[in-house]
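1. dropping a prediction and its sequence here:
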Amino acid sequence: MSIDKKQAANIFEEIARLLELKGANQFRTRAYVGAARTLRSLDMELEELVDGNEKVKGIGASSMEKLRELVKTGKMEYYESLKAEFPEGVLDLMKIPRLGPKKVKVLYQQLNITSLDDLEKACEQDELLSLDGFGAKTQENILKGIKHVRQYKGRHLVRAAHVPAQEFLSHLQTLPEVLELDLAGSLRRRKETVKDIDIVVSTEEPKAVMNAFVNHPLVHEIIAHGDTKSSVTLDSGINIDLRTVTPEQYAYALLHFTGSKEHNTVMRSRAKDKGLKLNEYGLFRGEERIHASSEEEIYGLLDLPFIPPELREDHAEFSLAEGDGIPSLVTLEDLKGTFHAHTTYSDGSASLDEMAQAAMLQGLEYLGITDHSQTAYYAGGLNVYDIEKQHKEIDALNESYDNFRIFKGIESDILADGSLDYPEPVLASFDFIIASVHSQFNLTKDEMTQRIIKAIENPYTTMLGHPTGRLLLSRESYPIDMHKVIDAAIANGVIVEINANPHRLDIDWRLLQYAKEKGMLTSINPDAHSTEGINDMIYGVGIARKGGLQVGDVLNTLSLQDVASYLDERHPGR
DNA sequence: GCCGTTTTCGGCCCGACTGTTTTCAGTCG
């Protein structure tokens, strides 16, 4: 069993946690975190990295040697011995909010606590009160934290954060004391999952704003309530952090709290290189504060073009900024239509006409309907008779619409051998086909990659659906070599979708820069199973923007006429 | 542990809040 990048990254991450527990030098700890991060977004195979001479920033000689050992032997002596120093389960304790390495160390050394269960029992029996630095309040918070960790595992799907965030923004907007406000944090950066909601407000009267915030009816619990920073938990379990600053500080605060941490670190060192200091309150030359009234101005002061929030991950944005420039990113308004929607013919909850009307309400010119194929019996997959019936209904509806068209599609299962789910004459009856894997995930990486590439090579395949099969926060991707899949898609003129359903957001944005450079075309598809599902396109746009995609990279920015001729030319039978 | 167009040694981002203290450590972002 060979090690993949994610597993390797997790091991480096765990080493960092263990070193923290040991009380190691914080910079050494940070180096391991940095190595883990580098591995996660590595643009080559692990074997290539450890065998080659290419240097990668963030992985020095020591980490490289450990990584090589891991890749070659499947084991790392250093990690194993470090792990042996602590009982299994101790690391779980650090997932509890407000429990860091120092407190965890005390808990396990003095009370021999090595699991969430142990900790819960100890709290219930008031055992923590005897420890230095622990009091009743801490114990109470830990008990709450254990529940929180068990229930939510700390992260949330972007839709679960986006909806309440909009509610709080509108609420705060109505306050006369609020001068400016914005979403910040990972939600503004449109990450695929988020830990909490961050909002920044500029005001001259922070107390009034904070009071209104913590007293909002959706607030379940107040975690912190200060003059410039407050933090609450909502009934749904998600946290919101609110920061207030003065109008003078606002642009700097928005930049700071939008992050990412890694992006900010680079920005700070750029400032430092110029003899300046950057923090959430301003850019300083000695005591002198340099004025900036927008994020654009701050970037300008550091000789950078404006970097949109979605790109601020220290992933590619600084090299883009200093090379070809920051691309003008695709927006929701650029989408003229969309593909991948289910109806009551299979497992959707709305009829063909209802789905089409919902798309029209969004201002779209076309909708590609793709119910499930016959093998997906669990989802009511369509047999040949159903398909004929659906096509007749679509023809009639299209007759009745002005300037709107339903495209006839199918989400064909990719069978275990890589073939599509109907005989050729049936495949030929569709305007387009999305090929997706829905079963038999337990193949090896090579087998799965070959299976999907075979489907890509089928001339009837127009798009590849949710290419990795991941379900965020619940199911990992099946093993697959996405670089090979992307290369095959490009070679065969197949579109790889950005599945915009918040549970999937698949293809991962970290692959999009590679795909774009190679010339891959994508389509932002909601995978809608209801009329509301069409609204999920916005989350797919966020992913496209994180990947640096522009209008020309996205099929469904084409007008009805252009997309119709594209599909016609692409169809092997026409 | 990582990094370097002044550097192979000496730095490594920085501030707010809580809970415990009695002036501050730990945690978080």
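-> That came through, no problem.
2. what about the residue lying closest to A:P305 once chain neighbours are set aside, neighbour count?
-> Nearest residue to A:P305, sequence neighbours excluded (CB to CB, 6 or more residues apart in numbering): A:I326, at 5.1 Å. For glycine as for every other residue, the C-beta is placed from the backbone atoms N, C-alpha and C. A:I326 is flanked by 17 other residues according to other CB atoms under 10 Å.
3. export only the CA atoms of stretch A:351-359, formatted as PDB.
-> This file holds the C-alpha atoms of stretch A:351-359, laid out as PDB (Å, rounded to 0.1, in the frame of the first residue of the first chain):
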ATOM      1  CA  SER A 351     -40.900  18.300 -12.600                       C
ATOM      2  CA  LEU A 352     -39.200  19.200 -15.900                       C
ATOM      3  CA  ASP A 353     -41.200  22.300 -16.300                       C
ATOM      4  CA  GLU A 354     -40.700  23.400 -12.600                       C
ATOM      5  CA  MET A 355     -37.000  23.000 -13.000                       C
ATOM      6  CA  ALA A 356     -37.000  25.000 -16.200                       C
ATOM      7  CA  GLN A 357     -39.100  27.700 -14.700                       C
ATOM      8  CA  ALA A 358     -36.800  28.000 -11.700                       C
ATOM      9  CA  ALA A 359     -33.800  28.300 -14.100                       C
END
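4. need the contact list for A:Q513.
-> Going by CB atoms under 8 Å, 6 or more residues apart in numbering, A:Q513 touches A:H315, A:A316, A:G547, A:G548.
5. hang on, the last one packs against A:P327?
-> So that's A:G548. Yes - shown here, A:G548 and A:P327 form a contact pair, counting by CB atoms under 8 Å, at 5.5 Å.
6. and of the contacts of A:Q513, the nearest to DNA strand B?
-> Among the contacts of A:Q513, A:H315 lies closest to DNA strand B (CB to the nearest atom of the strand), at 15.8 Å.
7. ok so the closest one is a strand residue?
-> No - counting by DSSP: H, G, I helix; E, B strand; the rest coil, A:H315 falls outside a strand, being coil.
8. and for it, the neighbour number?
-> Applying other CB under 10 Å, we find 20 residues neighbouring A:H315.
9. how about the nearest residue to it, chain neighbours excluded?
-> Counting by CB to CB, 6+ apart, A:H315 lies nearest to A:S41, which is 6.0 Å off, once chain neighbours are set aside.
10. neighbours of that neighbour, just the number please.
-> With neighbours defined by other CB under 10 Å, the count for A:S41 comes to 17.
11. which among the contacts of A:Q513 gets closest to A:R570?
-> Checking these against A:R570 with CB to CB, the nearest one is A:G547 at 23.0 Å.
12. most surrounded residue in the contacts of A:Q513?
-> Most crowded among these, counting by other CB under 10 Å, is A:G547 at 26 neighbours.
13. per-residue confidence at that one?
-> Per-residue pLDDT puts A:G547 at 94.
14. gap between the residue of chain A positioned farthest from its centre and A:V106?
-> Largest separation from the mean C-alpha position in chain A: A:S130, at 42.3 Å (CA atoms, centre = their mean). Note on A:S130: its distance to A:V106, by CB to CB, to the nearest Å, is 11 Å.
15. before we move on, what about A:K5?
-> For A:K5, the distance to A:V106 equals 35 Å [CB to CB].
16. equivalent analysis for A:S236, please.
-> 33 Å.
17. and those two? which has more neighbours close in?
-> The neighbour count for A:S236 versus A:V106, taken as other CB under 10 Å, is higher for A:V106 (16 against 13).
18. so how far is DNA strand B from the residue nearest to the more buried one when sequence neighbours are not counted?
-> Closest residue to A:V106 apart from its sequence neighbours, by CB to CB, 6+ apart: A:L131 at 5.8 Å. Using CB to the nearest atom of the strand, to the nearest Å, A:L131 is found at 9 Å from DNA strand B.
19. please tell me how far A:Y345 sits from A:D421.
-> Taking CB to CB as the measure, A:Y345 falls 15 Å from A:D421.
20. which of those two has more residues huddled nearby?
-> Between A:Y345 and A:D421, counted using other CB under 10 Å, the more crowded position is A:D421 (22 against 19).
21. please name the bridge partners of the closest residue to the more buried one other than its chain neighbours.
-> Of all residues not flanking A:D421 in the chain, A:S373 sits nearest, at 3.7 Å (CB to CB, 6+ apart). For A:S373, the beta-bridge partners are A:L382 (DSSP bridges).
22. give me the number of neighbouring residues for whichever residue of the stretch 301-450 of chain A sits closest to DNA strand B.
-> Going by CB to the nearest atom of the strand, DNA strand B is nearest to A:D314 of the stretch 301-450 of chain A, at 11.7 Å. Applying other CB under 10 Å, we find 18 residues neighbouring A:D314.
23. now stretch A:286-304: buried residues?
-> A:A292, A:E295, A:I298, A:Y299, A:L301, A:L302, A:L304 (16 or more other CB atoms under 10 Å).
24. which parts of the stretch 251-400 of chain A sit against DNA strand B?
-> When proximity is defined as CB under 7 Å from any atom of the strand, the stretch 251-400 of chain A approaches DNA strand B at A:F257, A:G259, A:K261, A:N264, A:T265, A:R268, A:S269, A:K272, A:K277, A:N279, A:E280, A:Y281.
25. switch the cut-off to 6 Å
-> Selection of the stretch 251-400 of chain A residues close to DNA strand B by CB under 6 Å from any atom of the strand yields A:K261, A:N264, A:T265, A:R268, A:S269, A:K277, A:N279.
26. tell me the one of those residues nearest A:Y378?
-> A:K261 (42.1 Å).
27. report the separation between the closest one and A:G185.
-> Separation of A:K261 from A:G185 (CB to CB): 11 Å.
28. those two: which is more packed in?
-> Neighbour totals were compared for A:K261 and A:G185, and A:G185 leads with 23 against 8 (other CB under 10 Å).
29. need the nearest residue in space to the closest residue to DNA strand B within the stretch 201-350 of chain A, chain neighbours excluded.
-> Closest contact between the stretch 201-350 of chain A and DNA strand B, by CB to the nearest atom of the strand, is at A:G226 (2.6 Å). Among residues not flanking A:G226 along the chain, A:M210 sits closest, at 7.5 Å (CB to CB, 6+ apart).
30. got the contact list for the strand or helix carrying that neighbour?
-> Secondary-structure element containing A:M210, defined by DSSP states H and E: helix A:206-214. By CB under 8 Å, 6+ apart, the residues outside helix A:206-214 that reach it are A:168, A:171-172, A:175, A:177-178, A:201, A:203, A:219, A:222, A:225-228, A:230, A:232, A:240, A:242, A:244.
31. A:M64 touches A:V50, doesn't it?
-> Yes - using CB under 8 Å, A:M64 makes contact with A:V50 at a distance of 7.1 Å.
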